[in-house]
Structures are given as structure tokens and as C-alpha cells.
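Asker: Fold the following.
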Amino acid sequence: MSGPGDAAARAAALREAIRRHDHRYYVLDDPEIADHEYDALMRELVALEEEYPDLVTPDSPTQRVGAAPSASFPEVVHRVPMLSLANAFDGDEVRAFDRRIRERLGAQQGSGAQQSSGAQQGCAGEGSGARHNCAEEGGEPAVEYTGEVKIDGVAISLVYEGGRLVRGATRGDGARGEDVTANVRTIRAVPLRLLGGAPPARLEVRGEIFMPRAGFERMNDVQRERGERTYVNPRNAAAGALRQLDPAVTAGRPLSLYCHGMGAVSDDAALPYRHSDVLDTLASWGLPVSPHTKVLDGADACLAYHAEMGRCRDSLGYDIDGVVFKLNDLRAREVVGQVSRAPRWAVAYKFPAQEALTRLIGIDVQVGRTGTLTPVARLEPVMVGGATVTNATLHNQDEIERKDVRVGDAVWVRRAGDVIPEVIRIVPERRPEGTEPFRLPGRCPVCGSEAARAEGEVAVRCTGGLVCPAQRKQAIRHFASRRALDVEGLGWKLVDQLVERGMVSTVADIFGLEEDRLAELDRMGEKSARNLVEGIGRARRTTLDRFLYALGIRDVGEATASALAAHFGGLAALRKADADALTEVPDVGPVVAESVRRFFDDPRNEAIVDALTRELSWEETEPVRTETGSEAAGQAAALGQAAAPSRTAAPPPPLAGKTFVLTGTLDSMSRDDAKRRLQALGAKVTGSVSKRTDYVVAGESPGSKLDKAQSLGVPVLGEGGLAELLRRAEDG
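Answerer: Numbering: from 1, shown residues only. Next comes the predicted model:
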């Protein structure tokens, strides 16, 4: 750098580049450079500003966290009040809102404010190909609205002068708020300087600061690890982060922003007359705007939008509590006007509340398929998320103790979409006297077997295994499932009947079912009974790995079952193996080994396995042992050589050590079949792509796994390539 002049030019270029990359990363979610390249730009700018302090500007990216902690927040008077919104709670109230709008506009078809912005253009002439919703009630013209998601966050006012952020303020009481400029400057989604064309000399932008769910969960995980209090919901967390007296604390919180309108603007502003176009203009200046905003013609379209956003509500990545409908024509808004605290031209159509307060009247303990004891709160009935809730999960003993939940407490319950309702917190000041802490029992409440908690785990589990009645139905369903024994025709409802009528007590009883008795069951008949018996007959011939997976041994999934089958070759050797022998199996550690050993050590499970071996058959193979010998490794190291496979050991499978990922749809075989064939050849099949992946097999509609494989340089096989690889490996 030859001098201050060159340094100033370089610093300006760096600031502009960093602002552009911030916008692409935090607003557009479309980065164009890698993190290390971005870091290099920032480091260079920091170095320049340290060498030439006069180059530092208030809107420099290096100044996002620079203010000293504040003792309080100064008061801000909003030039244009930040109004509240009227609420609608059903479709009739939305239609009433629309009717009032049309009445105030005088149902002006093709005239007045409606015509001026193009919101109402009338019907297109015949043959034009245009479509327009020209009629609502009584043939009156439909009014154009914008539909926006109502983010459950914190309202914010941002003021830009000369394109630079000069103030951020909370809504407060609508007339006065708090100056939180130093904190707002730390939020990466908030541009410190506007991009694009010339904005007005003074521009006030209104929006919502919120915390995405993923960031909220990560933040709470950190709080738990530190043993500190967790946050109740993303909205409260966002509000708390925005009002931190130390901006450095706010900077560490995962906050974001969506803008939804304007407040006061200077007289030089040349802005569109449609709200939807205003949002597009804000986006062109680098301000984040929700991608879910939609222009809607009339009340019917508004109601359809509400239903659409309700369906996708849980997939947005952030919390919304409804949608907002706004008259799109800004000049028509002046005609419609406002009341003291709310505009007449907008309404919020809320979703059913997802949190509610009720009383906990009891705690039951349920036992799942894997034996997990789950505490369930019994509640006084309360409406949550549009449904009456009487039960809610308490998760586990640790959660009960962390929240200090007791019978008799007043509790807040949350229900989001189809998620099981959960108790999220208590109201301590409403706790009655004489309550006692709750503890899970030391024995299974159903079968009386010991209930144990493994080291390092939060779950308490029944050790009864296949003999626990509470686990019976789930164990049978799992045993008969497609990836296990694949008993065709044995569905969930039929399992319920078989267990409830005493026809099946353990999985071994499946093979004693007869057509005559099956035909007497509800919705069966002779043909269905015959088909089921035939399906049971086909399931008698299986493979050892599928049998092991079907047993439902804790911690033993498909991959582990395949590894155990390959390593021992037969069931007898596996049943006799001690923990040390089990841990010699690839990917089997002490925890899995203990689960396997505990299962086969239980005499009740042994009896069921013995009964099953009399009903089932599979081909046993020679054990396939991978080289684990430390002795061979030590000898090789002494000689300065790599450890060589033992000459007495069986040769490794053709694809041993190779990792595959399957994605998309295959025509010639199912993905399950492809997975089994690869595993039989010694390959490991996983669900995610990483640098350690050897091959990705891509069928039709492969999705994001293919993109990731290509970005990492992982070889990709089509279906033909997979077939050729399998043929060569299987032919040896």
C-alpha cells in the first residue's frame, strides 16, 4: 500500500465487498464465497483501519460490535406512531373486514384511489388472455390486499439517513420506544448501509426482529451445557437479546430481521403507490423481506392464503402466529383511515394459540417399544393449537427436575402443528402447598422388571425386553415390518386385535396362527386370512442379519445387525460371545455390546429366541473377521511396516472399508435391496454425505445429497454404475 490515498480506496472497496457478501449470506441465503475468503477480507479491513484510524466509518462492518455497555436505553419518539393491528379470529371476521374496506371505498370500481395504483383495473376485454377476480359479494369489485406472515418477534423501527443506519428503536407503547441502536447494529441481517439505487435522504423502515428456531435450539443447548437457565420460546429470547445493555451479548445471539413497511420518509422520496412494490423496493436496497408475501384479490384469496400458511407454518424455520392482510393501494389507505391505535386498512388473522395455561392433575408413566419409561402429564382440558389437550409429555426425569414439575402445579403447555404437546414451564407463585418432587419408578410399572438408566443416558428403560406386555405390540409390529421379517399382511390394526384377543403373546406366536381363527377377526375373511398365513410362511426363510434386527435389541439397527451376522456367521456363536468378543465387531462399542449381552442373558428372551429358531431358517456363513490384532500391528511397527492381514484370517469382503450413500429412486431394485447387497459385500451404507464417503449412488430425483457429493468431489454412480460394481464384487 503506497499511502493513505490508496489505503482509503482499498478500505472503501473492502467495505463494499463485505456489505455485498453479508447481504448474500444473511439476507438472500446465497453466499458466493467461502467462509475463509470472507474472513480474509474482514482481516484485511481490520488491519487497514488499525493502521489508518481515520479511515474508520460508523457504517464499517468492523464496527458492528463496538459500543460500550449502556446503563439504560434512551427514549425515542416515533414521528409516525407504530400502530397495533386489529385481530380476526375466523373467516367471517375476515369477510367483515373486507366488506368494511369496500364500503369505505364506496365500492369504487375503476375510480378514485383504487384506479390510481392499478389495484383495480376492471376485467380485461375478451381475447386478451388476462384474468381478474372482478366480483365479490353482490358483483362488487374485489379489493387487492397483500398477505404477509405475522412473525412472532419484536417490532423494530430502523432509521437510515443518507443510506446509513443511524437509529434502531423498539415499538414501546407505539408513540415512544427505546433506542437500541447499538444492539441492532450487531445483527448481521440489518444492513448498516443500504445497497442499490439512491434511497430517500431519510427513511424509516418497520420490521420484526426474530430468532430462527434452529438458532434458538442451539442457544438453549449451550445454556444447558453451562447449567444456566434456558429460554422459554424464540420470541422471549429475541426480546431479551435486543434489550441487552451490552451489545457484545446481543452480537452472540442468532437474531434475524424481516421488514414489512415504512414509517416516516423525507419529502424527496419517490416511492411506489402499491405496498407490494414498496416491499420490492426495500429488498432492492438490501433490506430483508419475507419471501412469503403474496398479492391477493379479495376475501376468498385471503382465506386461502391463511390456510396455505397454516399448513406450512411448522416448516418455515421461525415462529409465526398468524397472517396479516393489508390494503395494497397506499392512497386508498388514506381514504380508509385509522382509529386511535390501529389502521382500518389492515387486520391480523391469528392462528390458534400454541401455548396455554392449565393445571397438572397427575403424572402417569408409559412404556414404549424399546422399554423407555416416559412420564406423561395428565392435565385439566385446555384448548391449544386448535385442539383440546388433556395429556402432555414430560420427556424424562432430567426434564422434570430441571423444570421442577409437580402434581398440582399451574403449567404452560405448548403444541406446535402435529407435535406432541409438552409442558414447557410452571408458574411457581401458583404452586399449592404440600407438593412433592416426582421420580420415575425403579421397576417397570407394567411387567415389574428392573428399570435401569445406562451411564451417560437420560432415558430410564424397562429391562423386560420381549416379555414386557407394554412393549409387546410395538415389538410385534417391528418384528413383522418390511425391513425386519417382512410378514406381508400383518399390519398395526391386526396386531392390536391379535394381542388384545390373546392370540399372540410373543413374536414366536405369530408362526402358530391358523387360517380358521384369523378369519374370525374383524375385517379379515377367508382370503385375507389365507394371504396372511402365506405371508408368514414366506417369512420363515430369512437371513441372520434380518432376524437380529427383527428382535429389536436395543442399540442394534440394520447396520449393526449386518455387522454382527457377518462377524459371527451364526446365531450360536453370537449368543455365546462375551462383551470383549462383541466389541471386536466393527462399529460395536461397549454400550452396544452391553445391550446385546443383556438381551441374550435374560432367560425370558432366551426362551423366545429358542422358539423362533424352531420356526425360522437362514443360511449361516463363515465368520468374516476384520484384522484388529494389536499384536500384528505391533510386530509390523517394530519392523517399520504397515500391519498386514493375518494369513489365517478369512479374506475381507470385496467392498470392506467402503462407505456408500443412496439417494433418489432406483428402477431395477429397491434402495433396501441395494443396501443389503452392498452390506453383504462388506460396505457401510450411511444416510449422509461427507468427505469420508467413497460413493454416492444417485437414482431419479436425488435431492440435496447429490449436490453435496458434487461439491465435495465424491464419486457419483448412476444405477448402471451400481449394477456393474455389484456384479464385479459378487463375481469376486
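Asker: Run through the residues that contact Ala237.
Answerer: 211, 216, 219, 231, 253 (C-beta atoms under 8 Å, 6 or more residues apart in numbering). No exception for glycine: its C-beta is placed from N, CA and C like everyone else's.
Asker: worst-scoring helix or strand of this structure, pLDDT-wise?
Answerer: When the helices and strands of the chain are scored by mean pLDDT, DSSP states H and E, helix 630-638 comes last with a mean of 36.
Asker: still on that earlier bit, out of the contacts of Ala237, who has the most neighbours?
Answerer: Within the contacts of Ala237, most neighbours by other C-beta atoms under 10 Å means Met211, with 29 neighbours.
Asker: got a list of what that one touches?
Answerer: 153, 219, 234-235, 237-238, 241, 253-256, 318.
Asker: try it again with 7 Å
Answerer: Contacts for Met211 (C-beta atoms under 7 Å, 6 or more residues apart in numbering) come out as 234, 237-238, 254-255.
Asker: Please report phi then psi for Trp412.
Answerer: Here is the backbone geometry of Trp412 (degrees, to the nearest 10): phi -90, psi 130.
Asker: What's opposite it in the beta bridge?
Answerer: Note on Trp412: beta-bridge partners Leu357, Arg425, judged by DSSP bridges.
Asker: Please report the distance of it from Val423.
Answerer: 7 Å (C-beta to C-beta, to the nearest Å).
Asker: neighbour-wise, which of these two wins?
Answerer: Counted by other C-beta under 10 Å, Trp412 and Val423 do not tie: Val423 has more neighbours, with 25 against 17.
Asker: Tell me which helix or strand comes right after whichever strand or helix holds the more buried one.
Answerer: Using DSSP states H and E, Val423 falls within strand 422-426. Later in the chain than strand 422-426, the nearest helix or strand by DSSP H and E is strand 451-452.
Asker: export the longest helix along the chain as PDB, just CAs?
Answerer: For the chain, the helix with the greatest residue count under DSSP state H is helix 4-22. Extracted in PDB, the C-alpha atoms of helix 4-22 (Å, rounded to 0.1, in the frame of the first residue of the first chain):
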ATOM      1  CA  PRO A   4      -3.200   6.900   2.800                       C
ATOM      2  CA  GLY A   5      -5.000   7.600  -0.500                       C
ATOM      3  CA  ASP A   6      -4.500   4.000  -1.700                       C
ATOM      4  CA  ALA A   7      -5.500   2.800   1.700                       C
ATOM      5  CA  ALA A   8      -8.700   4.800   1.700                       C
ATOM      6  CA  ALA A   9      -9.700   3.400  -1.700                       C
ATOM      7  CA  ARG A  10      -8.900  -0.100  -0.700                       C
ATOM      8  CA  ALA A  11     -10.800   0.200   2.600                       C
ATOM      9  CA  ALA A  12     -13.900   1.500   0.700                       C
ATOM     10  CA  ALA A  13     -13.700  -1.400  -1.800                       C
ATOM     11  CA  LEU A  14     -13.400  -3.900   1.100                       C
ATOM     12  CA  ARG A  15     -16.300  -2.400   2.900                       C
ATOM     13  CA  GLU A  16     -18.500  -2.500  -0.200                       C
ATOM     14  CA  ALA A  17     -17.500  -6.100  -0.900                       C
ATOM     15  CA  ILE A  18     -18.100  -7.200   2.700                       C
ATOM     16  CA  ARG A  19     -21.500  -5.500   2.700                       C
ATOM     17  CA  ARG A  20     -22.400  -7.300  -0.500                       C
ATOM     18  CA  HIS A  21     -21.300 -10.700   0.900                       C
ATOM     19  CA  ASP A  22     -23.200 -10.000   4.200                       C
END
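Asker: buried residues in it?
Answerer: 7, 10-11, 14-15, 17-19, 21-22 (16 or more other C-beta atoms under 10 Å).
Asker: which among those residues gets closest to Thr663?
Answerer: His21 (30.5 Å; C-beta to C-beta).
Asker: where's the closest one relative to Gly197, distance?
Answerer: Distance from His21 to Gly197, by C-beta to C-beta: 20 Å.
Asker: Ok, Arg676 next?
Answerer: Relative to Gly197, and taking C-beta to C-beta, Arg676 is found at 60 Å.
Asker: Which of the two has more residues huddled nearby?
Answerer: Taking neighbours as other C-beta under 10 Å, Arg676 and Gly197 compare with Arg676 leading, 19 against 9.
Asker: is it fair to say that one lies in a helix?
Answerer: Yes: assessed by DSSP: H, G, I helix; E, B strand; the rest coil, Arg676 belongs to a helix.
Asker: ok, now which ones touch it?
Answerer: Per C-beta under 7 Å, 6+ apart, neighbours of Arg676: none.
Asker: What score does it have for pLDDT?
Answerer: Looking at Arg676, its pLDDT stands at 77.
Asker: do Cys134 as well
Answerer: So, for Cys134, pLDDT stands at 45.
Asker: Any stretches of the stretch 401-550 of the chain with poor pLDDT?
Answerer: Applying pLDDT under 70 to the stretch 401-550 of the chain picks out residues 416-419, 455-456, 466.
Asker: where do the strands sit along it?
Answerer: Counting by DSSP state E, counting those that start in this stretch, the stretch 401-550 of the chain has these strands, from start to end: 410-414, 422-426, 451-452, 461-462.
Asker: Work out the gap between the second one and the centre of the chain.
Answerer: Distance of strand 422-426 from its chain centroid, counting by C-alpha atoms, centre = their mean, to the nearest Å, is 20 Å.
Asker: Output that strand as CSV, nothing but the C-alphas.
Answerer: The C-alpha trace of strand 422-426 is given here as CSV (Å, rounded to 0.1, in the frame of the first residue of the first chain):
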residue,chain,number,x,y,z
GLU,A,422,-45.3,-30.7,26.1
VAL,A,423,-45.2,-28.9,29.4
ILE,A,424,-42.7,-26.1,28.9
ARG,A,425,-42.7,-24.3,32.3
ILE,A,426,-44.5,-24.0,35.6
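Asker: Okay, buried residues for that strand please.
Answerer: Under 16+ other C-beta under 10 Å, the buried positions of strand 422-426 are 422-423, 425-426.
Asker: Tell me how far the nearest residue to Pro428 once chain neighbours are set aside lies from Pro437.
Answerer: Distances taken as C-beta to C-beta, 6 or more residues apart in numbering place Asp404 nearest to Pro428, at 7.9 Å, with adjacent residues excluded. Remark: distance between Asp404 and Pro437 (C-beta to C-beta) = 8 Å.
Asker: and these two? which has more neighbours close in?
Answerer: It is Asp404, of Asp404 and Pro437, that has more neighbours when counted by other C-beta under 10 Å, with 14 against 9.
Asker: Assess the claim that that one and Ile426 are in contact.
Answerer: Yes: taking C-beta atoms under 7 Å as the definition, Asp404 is a contact partner of Ile426 at 6.4 Å.
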